[in-house]
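Novice: any chance you could fold what I've pasted below:
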Amino acid sequence: MEDDQAIVAALTDLLESEGLDAVAFATQDEACAALRASAFDIALLDVSLTQGNGFAVCAAARDAAPQMPVIFLTASDDEYSTVAGLDMGAVDYITKPFRPRELMSRIKGALRRANPAASVISVGDVRLDAASAAVTKAGAEVFLSALEYKLLLCFFQRKGKLVTREALRDAVWESAGEYVSDNALNVYVKRLREKIETDPAEPQIIVTARGLGYKVGE
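Specialist: Numbering: from 1, shown residues only. As a prediction, the model looks like this:
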């Protein structure tokens with residue numbers, strides 16, 4: 001819920017690029033009506049809206065879905081709004097302008113804490129528990145580097161969907177510490193396949209979609 005349309009558009013694009021469905025409301029009344037009518041997994045709120053304010057929406061969210069996490073987006077020097085939002089039950093606050101990767105990490109963390117079962121993702125005989133960062137194959141622990149784990153998490157969170165090379169670069173950029181070239185990305189994917197595929201030469205979990213990226217099995 002954000003009254004700056006440029007931020008709304010950028011945030012919506014970011015969430016959808018991560019495989020999440022996003023809907024935005026500019027006013028307090030619209031947001032509160034939507035909360036009463038539909039179920040949502042998480043709410044991102046700004047204090048200032050075209051009509052009303054984010055505090056009223058937070059109260060409506062707490063009434064409609066007490067377990068749903070609420071995150072406030074606040075100006076960096078707006079201490080009052082930050083404290084007020086947390087006192088109302090918000091689980092986190094993020095200062096603007098926000099960094100996309102940090103924002104997504106904190107959103108996903110809030111979702112995992114709200115629904116621990118959803119943190120477990122399985123593809124074939126490979127199981128990833130995002131809450132504990134544990135990976136197993138056929139019940140045996142798989143030891144991954146930090147970069148390999150982030151790569152696998154990126155794949156698994158998009159299972160059944162096309163995973164572009166750009167999405168993978170975003171996922172591993174911080175761990176790699178530098179721009180990830182196509183050749184380097186190929187090496188990372190090859191190493192990951194060697195650890196999670198039964199036959200890395202004939203992958204069934206991470207399948208190449210030539211010219212597009214990769215597709216992850218169900």
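Novice: isn't residue 171 up against residue 151?
Specialist: Yes: Residue 171 is within contact range of residue 151, at 6.1 Å (criterion: CB atoms under 8 Å). All C-beta atoms are positioned from the backbone trio N, CA, C, and that covers glycine.
Novice: before we move on, what SS does the residue lying closest to residue 62 once chain neighbours are set aside have?
Specialist: With sequence-adjacent residues excluded and distances taken as CB to CB, 6 or more residues apart in numbering, residue 62 is closest to residue 89, at 5.1 Å. The three-state label given to residue 89 by DSSP: H, G, I helix; E, B strand; the rest coil is coil.
Novice: contacting residues around residue 89?
Specialist: With contact set as CB atoms under 8 Å, 6 or more residues apart in numbering, residue 89 has these partners: 58, 62, 70.
Novice: and stretch 149-157, how far out from the chain's middle?
Specialist: Centroid separation for stretch 149-157 versus its chain: 11 Å, with CA atoms, centre = their mean, to the nearest Å.
Novice: hmm, who's touching that stretch?
Specialist: By CB under 8 Å, 6+ apart, stretch 149-157 touches 18-19, 121, 123, 128, 130, 133, 135, 144, 163, 167-168, 171-172, 174-175, 188-189, 192, 196, 206, 214, 216.
Novice: at 7 Å what do you get?
Specialist: With contact meaning CB atoms under 7 Å, 6 or more residues apart in numbering, stretch 149-157 is reached by 19, 121, 123, 128, 130, 133, 135, 144, 163, 167-168, 171-172, 175, 188, 192, 196, 206, 214, 216.
Novice: which stretches of the protein form helices?
Specialist: All helices of the chain, identified by DSSP state H, fall at 5-17, 28-37, 54-64, 79-87, 100-114, 146-156, 165-176, 182-196.
Novice: would CSV of those helices with mean pLDDT, mean neighbour count and distance to residue 45 be doable?
Specialist: Listed next are the helices of the chain as CSV, based on pLDDT from 0 to 100; neighbours: other CB atoms under 10 Å; distance: least, CB to CB, whole Å:
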stretch, mean pLDDT, mean neighbour count, distance to residue 45
helix 5-17, 84, 14, 12
helix 28-37, 92, 17, 8
helix 54-64, 91, 20, 4
helix 79-87, 83, 15, 8
helix 100-114, 84, 16, 13
helix 146-156, 88, 21, 27
helix 165-176, 73, 17, 25
helix 182-196, 91, 15, 36
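Novice: JSON lines please, covering those and showing distance to residue 94.
Specialist: As requested, the helices of the chain are exported to JSON lines (distance: least, CB to CB, whole Å):
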{"stretch": "helix 5-17", "distance to residue 94": "11"}
{"stretch": "helix 28-37", "distance to residue 94": "18"}
{"stretch": "helix 54-64", "distance to residue 94": "13"}
{"stretch": "helix 79-87", "distance to residue 94": "10"}
{"stretch": "helix 100-114", "distance to residue 94": "6"}
{"stretch": "helix 146-156", "distance to residue 94": "20"}
{"stretch": "helix 165-176", "distance to residue 94": "17"}
{"stretch": "helix 182-196", "distance to residue 94": "29"}
